[in-house]
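[1] sequence and computational prediction follow.
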Amino acid sequence: MTKPLTMGAVLYDPKVSIIWEIIREFFETNGIPMDVVYFTNYEKQVEALVSGLVDIAWNSPLAWLETQHAGKNGFAAIAMRDTDCDRCTHFIVRKGSGIANVSDLRGKTVAMGAKDSPQATLIPTEFLRSHGLEAGKDYQVQRFDVLVGKHGDHIGGELDAFKCLAAGKAAASTMLDLNWKTWQADGTINGNEFEILATTDRFDHCVFAVRDNFPEQTKASWLKVLFSMSYDNPKHREMMDMEGLKAWVPGRVSGFDALTRAVQHTNFFKEVGL
Amino acid sequence: MEDTRWTLRVTAGHAVGSTAHVRKHSFVAGAPLSFDAEYGAITALEYLLGSVGADLIGSIQAVARRRRVEVDAIEVVVHGVLHNPMVYLRVVGETGDAGLRAIEARVYISSLDDAPRVRALWAEVLETSPVVNTLAKAVKLDLAYQQVL
């Protein structure tokens, strides 16, 4: 019997297991037996990938960097969602607040998400640093540390940050572009009252990561099945909608520069004991 | 006095789930629990929560008959919360208890009878309901009724 591949995934909510069960079954019915192991945080998942306990890890962008850091760069990003490519973070302000430029944030409070959220905290902090604004010195940060360890997967931190802005307790809040769009569409944000002050450079998000010694043939077979998932197929669409993608695409690491700079300038790995 | 025993035979289904056979009846159950609102079977956990409702309604009906309290309709809404559902999913790094932390039941008794008589009925139900008294020893039970017209 072929030994099943082991996939690692971090759960921020038990309901996320539904998606992974569908994915597991999809691989199973396409000839690739796979077990999914769930982790409570990305640090444990990184350990598992580095040690060989799991073969493939669905890594956040920060977990990707942690994996490279812990495993001395012996890893490959083999696939990702189309929606993981070229994301950006907006700084949101209230219209008419008088905040017209990034420099107007000097002396103000900026609401951000969890301390380990690339999109809601690390990358926007680096953006402001590159514009001459140091956190804690030139502006104050009101952080919302929701589910630390899950790297901002739970968008509650961003939502709390926005509520802080809406309540007048912050001059700006950080928000992933996708959330800015979704929350206007569902009425969470009144687009007549808030606007984008600034936007970070584009960055990439989650990737499937494997060790460099992951067998080529296994990788090729696994990717073939993954890429056979089609949004045009009604049987696949539900799962793809749940996971927020229209297509799986080959993995790339060219979109992690902004996060890499953020991690370096904040000494993040040392801060978290890695 | 010999113990009175109730016995069910439960057999595994084809892939997931089981069928419970009791006397001349049977019922089908799915997984122990599911997080999917579209899951196609009743889970073992849902049967347990349902049994709380069934126990309360059946007990109210029986006590009402005995006490000659007029009850026109009864409805129970039951909620259950686990200590840590992540333990059920075997999430690495999670600790704790996969069992129920609390069960809440809100009982709506439609009756034109006097409130004190319905109150006394409820008190007797709480004393004598077998499922409720069993679970009270294992989980936090929050049971309340409301008399409605």
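    Alright, I've got the coordinates. Residues are numbered from 1 along each chain as shown, chains lettered A, B, ... in the order given.

[2] mind checking how far the closest residue to A:Val10 other than its chain neighbours is from A:Gly8?
    Closest residue in space to A:Val10, ignoring its immediate chain neighbours: A:Phe39 at 5.0 Å, by Cβ to Cβ, 6 or more residues apart in numbering or on different chains. Placement of C-beta: from N, CA and C, glycine included. The gap separating A:Phe39 from A:Gly8 is 6 Å, by Cβ to Cβ, to the nearest Å.

[3] where does the stretch 1-150 of chain A come near chain B, residue by residue?
    For the stretch 1-150 of chain A, the residues in contact with chain B (Cβ under 8 Å from any Cβ of the partner chain) are A:11, A:14-15, A:17-18, A:37-41, A:44-45, A:48.

[4] how long is stretch A:89-102 from one end to the other?
    14 Å (Cα to Cα, to the nearest Å).

[5] let me redo that: stretch A:257-274
    First residue to last in stretch A:257-274 (Cα to Cα) measures 20 Å.

[6] before we move on, what about stretch A:189-203?
    End-to-end for stretch A:189-203, by Cα to Cα: 24 Å.

[7] which of the residues of the stretch 1-150 of chain A next to chain B ranks first by neighbour count?
    Per-residue neighbour counts (other Cβ atoms under 10 Å in any protein chain shown) across these peak at A:Gln45, which has 29 neighbours.

[8] sticking with that residue, tell me its helix or strand.
    Taking DSSP states H and E as the criterion, A:Gln45 maps to helix A:42-51.

[9] what sits up against that helix?
    Residues outside helix A:42-51 that contact it (Cβ atoms under 8 Å, 6 or more residues apart in numbering or on different chains) are A:8-10, A:37, A:39, A:53-54, A:56-57, A:59-60, A:62-63, A:66-67, A:70-71, A:75, A:149-151, A:209-211, A:272, A:274, B:92-93.

[10] next: stretch A:263-274.
    Contact with stretch A:263-274 is made by A:43, A:62, A:65-66, A:69-70, A:116, A:122, A:125-126, A:129, A:262, as judged by Cβ under 8 Å, 6+ apart.

[11] what's the span of that stretch, first residue to last?
    Criterion Cα to Cα; first-to-last residue distance in stretch A:263-274 is 12 Å.

[12] ok, now stretch A:235-251?
    24 Å.

[13] check the gap between A:Ser130 and B:Glu70 for me.
    76 Å.

[14] more neighbours, those two?
    Using other Cβ under 10 Å, the more surrounded residue of A:Ser130 and B:Glu70 is A:Ser130, with 15 against 12.

[15] still on that earlier bit, just the residues of the stretch 1-150 of chain A next to chain B now: which is nearest B:Tyr47?
    Closest approach to B:Tyr47 among the residues of the stretch 1-150 of chain A next to chain B (Cβ to Cβ): A:Pro14, at 19.4 Å.

[16] contacts only, for the closest one.
    Per Cβ under 8 Å, 6+ apart, neighbours of A:Pro14: B:35, B:85-86, B:88-89.

[17] turn these into CSV, including secondary structure and pLDDT.
    Below are the contacts of A:Pro14 laid out as CSV (DSSP: H, G, I helix; E, B strand; the rest coil; pLDDT from 0 to 100):
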residue, secondary structure, pLDDT
B:Phe35, coil, 96
B:Pro85, helix, 97
B:Met86, helix, 97
B:Tyr88, helix, 97
B:Leu89, coil, 97
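
[18] those also near chain A: which ones?
    Filtering the contacts of A:Pro14 for neighbours of chain A using Cβ under 8 Å from any Cβ leaves B:35, B:85-86, B:88-89.

[19] before we move on, back to that, can you flag which of the contacts of helix A:42-51 belong to helices?
    Among the contacts of helix A:42-51, the members found in helices (DSSP state H) are A:62-63, A:66-67, A:70.

[20] pick out the lowest-pLDDT one from those.
    On pLDDT alone, A:Ala70 ranks lowest of the ones in helices among the contacts of helix A:42-51, at 88.

[21] what sits closest to that one if chain neighbours are left out?
    A:Val50 (5.1 Å).

[22] what about the one you found, how many neighbours?
    Around A:Val50 sit 20 other residues, with neighbours defined as other Cβ under 10 Å.

[23] sorry, back to before: can you pick the most crowded of the contacts of stretch A:263-274?
    A:Leu122 (30 neighbours).

[24] that one and chain B, how far apart?
    Distance of A:Leu122 to chain B, given as Cβ to the nearest Cβ, to the nearest Å: 22 Å.

[25] so what's that residue up against?
    Neighbours of A:Leu122 in contact, by Cβ under 8 Å, 6+ apart: A:62, A:116, A:259, A:262-263, A:266, A:268.

[26] repeat for B:Gly93
    A:39-41, A:44.

[27] could I get the full set of strands for the chain?
    Here I'm looking at chain A. Along chain A, counting by DSSP state E, strands occupy A:5-10, A:34-39, A:56-59, A:75-81, A:89-94, A:109-112, A:140-143, A:172-176, A:194-199, A:207-211, A:248-250.

[28] the chain in question should be chain B.
    So, for chain B - with DSSP E - the strands run B:9-12, B:18-22, B:25-29, B:73-82, B:100-110, B:140-148.

[29] got JSON lines for the ones you listed, with mean pLDDT too?
    Formatted as JSON lines, these follow (pLDDT from 0 to 100):
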{"stretch": "strand B:9-12", "mean pLDDT": "96"}
{"stretch": "strand B:18-22", "mean pLDDT": "96"}
{"stretch": "strand B:25-29", "mean pLDDT": "96"}
{"stretch": "strand B:73-82", "mean pLDDT": "98"}
{"stretch": "strand B:100-110", "mean pLDDT": "98"}
{"stretch": "strand B:140-148", "mean pLDDT": "98"}
